[in-house]
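Visitor: how would this look folded up:
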Amino acid sequence: MQEKVLRNYEAAKEQYARHGIDVDQILSRLGEIKISMHCWQGDDVRGFLNKDQALTGGISVTGNYPGAASTPEQLRADLEKAFSLIPGKHKVNLHAIYADTDEKVELDRIEPKHFQKWVDWAKEQGLGMDFNPTCFSHEKSKDGFTLSHPDPEIRRFWIDHCKASRKIGAYIGEQLGQTCVTNVWVPDGFKDVPADRMAPRQRLKDSLDEVFAEPLNPAHNLDAVESKLFGLGSEAYVVGSHEFYMGYGIQNNKLICLDAGHFHPTEVISNKLSSLALFADGILLHVSRPMRWDSDHVVTLDDELIDIGRELVRGDLLDKTHIGLDFFDASINRVAAWVIGTRNTIKALLRGMLDPIEALKKAELEGDYTTRLALTEEFKSYPFGAVWDYYCDKMGVPVREDWLAEVKTYENEVLLKRGV
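Guide: So this is what the prediction gives:
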């Protein structure tokens, strides 16, 4: 333990203790929370099954920073480097196109064996895993429709893919002893105003009913459904809207995924958590940073991220919320993007935990809004950074920006040599 870090922490702990905040207990709780770090930041959402297929489904990755992973081994090495710089033990979020196999296999025929190397690696690393069917960047999704497609044969392909993905998720969860969240998102929608909004949603509902028909052990797999307001190529109408999936998820006991970039620019998901939590069995978060549209920028410690962390803590929602990341930026070092986004997400949770929650709630209940505002503002300058530094040091990862030197070394020794 660095002497200065410890000294600053003890001083900070004393300040927080004046308000009845037990910082040691908070850090113990923080260490139990797992962030699901998305694999697709490392290779620009290409995957390995159809890596030459152009991105579709409204997904776009910009930039050409050197060093993108082009093999499963490279991607796992990059993930290991990122995790070594992030405090705690977490999860990897895997899309179906990241199968590690020499076998030529279509998406509707994938099996657990095609992901065994990922499972073995996760065991070695002490990581959990989450999973996603990949309903984009495929010949059968090129017209913008999958589970709601009017052609029953194409619809059957995607139903079978999602069913196979659930079984893979259940296998992953059983093998790792950590529940796997399998999240279904489809890009289906129209660029212009449709004549019939109902029929595609009826087809999507029927498809989902079939996808989820087989009961799976919830200790191994939890199903989630993810909405979107609009996307490139589906500006006028998205079949799987928030209202659609909120209704479907509540009616069918599925986790409802809130993606920070999938709503109107004036909406924030932090304001939705308390309402949804009253009715849904569980929540899945895709923490991202939209800019103008669902552009999935690297997560920064902005007001919305802090508010998300605050709502999860104040609403006692951490045990029923699964936190994942979703961004992709090829204009900067991809390992650094993971580290920045994941560390910031953990920081936001810590910020929320260090608030004088009980004092704020008491003041509010008593109508003392002056105290509520005063405490809220004063705590913005409390020594949160000293607590974060101590937590990183205690967990054996670099303090503050010291991690950047390790990423730069890894870039020079590994990333820049790829493709040379």
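Visitor: start and end of stretch 229-238, how far apart?
Guide: Across stretch 229-238, the terminal residues are separated by 6 Å (Cα to Cα, to the nearest Å).
Visitor: what comes up buried for it?
Guide: 229, 230, 231, 234, 235, 237, 238 (16 or more other Cβ atoms under 10 Å). Backbone N, C-alpha and C define where each C-beta goes, glycine included.
Visitor: what's the answer for stretch 173-185, then?
Guide: Within stretch 173-185, the residues scored as buried using 16+ other Cβ under 10 Å are 173, 174, 175, 176, 178, 179, 180, 181, 182, 183, 184, 185.
Visitor: pull the CA atoms of it into PDB?
Guide: What follows is stretch 173-185, C-alpha atoms only, in PDB (Å, rounded to 0.1, in the frame of the first residue of the first chain):
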ATOM      1  CA  GLY A 173     -23.800 -20.200 -16.700                       C
ATOM      2  CA  GLU A 174     -23.700 -23.800 -15.500                       C
ATOM      3  CA  GLN A 175     -20.000 -24.200 -16.400                       C
ATOM      4  CA  LEU A 176     -18.900 -21.000 -14.700                       C
ATOM      5  CA  GLY A 177     -21.200 -21.200 -11.700                       C
ATOM      6  CA  GLN A 178     -22.300 -17.600 -12.500                       C
ATOM      7  CA  THR A 179     -25.700 -16.700 -14.000                       C
ATOM      8  CA  CYS A 180     -25.300 -15.800 -17.700                       C
ATOM      9  CA  VAL A 181     -27.600 -13.100 -19.000                       C
ATOM     10  CA  THR A 182     -28.600 -13.800 -22.600                       C
ATOM     11  CA  ASN A 183     -29.900 -10.600 -24.200                       C
ATOM     12  CA  VAL A 184     -32.000 -10.400 -27.300                       C
ATOM     13  CA  TRP A 185     -31.800  -7.300 -29.500                       C
END
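Visitor: residues in contact with it?
Guide: With contact meaning Cβ atoms under 8 Å, 6 or more residues apart in numbering, stretch 173-185 is reached by 34, 36, 91, 119, 122-123, 127-133, 135, 162, 165-166, 168-170, 172, 208, 211, 217-226, 228, 240, 255, 257, 284, 322, 324.
Visitor: restricted to strands, list these.
Guide: Among the contacts of stretch 173-185, the residues falling in strands (DSSP state E) are 36, 91, 128-132, 221-226, 255, 257, 284, 322, 324.
Visitor: which stretches in the stretch 151-300 of the chain count as strands?
Guide: Taking DSSP state E, counting those that start in this stretch to define them, one finds strands in the stretch 151-300 of the chain at 180-184, 189-190, 221-226, 237-238, 255-259, 283-287, 289-291, 293-297.
Visitor: could you dump those strands into a markdown table with distance to residue 102 and mean pLDDT added?
Guide: Below are these laid out as a markdown table (distance: least, Cβ to Cβ, whole Å; pLDDT from 0 to 100):
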| stretch | distance to residue 102 | mean pLDDT |
| --- | --- | --- |
| strand 180-184 | 24 | 98 |
| strand 189-190 | 36 | 95 |
| strand 221-226 | 26 | 98 |
| strand 237-238 | 37 | 96 |
| strand 255-259 | 33 | 97 |
| strand 283-287 | 31 | 97 |
| strand 289-291 | 37 | 90 |
| strand 293-297 | 31 | 83 |
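Visitor: would you mind saying which of those strands lies nearest residue 64?
Guide: Nearest to residue 64 among the strands of the stretch 151-300 of the chain is strand 293-297 (16.9 Å), distances taken as Cβ to Cβ.
Visitor: and that closest one, what does it pack onto?
Guide: strand 289-291 (3 or more Cβ pairs under 8 Å, 6 or more residues apart in numbering; DSSP states H and E).
Visitor: give the buried residues for the strand it packs on.
Guide: 289, 290.
Visitor: just stretch 102-112 next, same as before
Guide: Quick answer for stretch 102-112 (16+ other Cβ under 10 Å): 107, 108, 110, 112.
Visitor: how about stretch 331-345?
Guide: 333-345.
Visitor: can you list contacts of that stretch?
Guide: 35, 37, 41-43, 62-65, 67-69, 78-79, 81-82, 85-87, 90, 287, 298-301, 305, 309, 323, 325, 327, 329, 403-404, 407, 410-411, 415.
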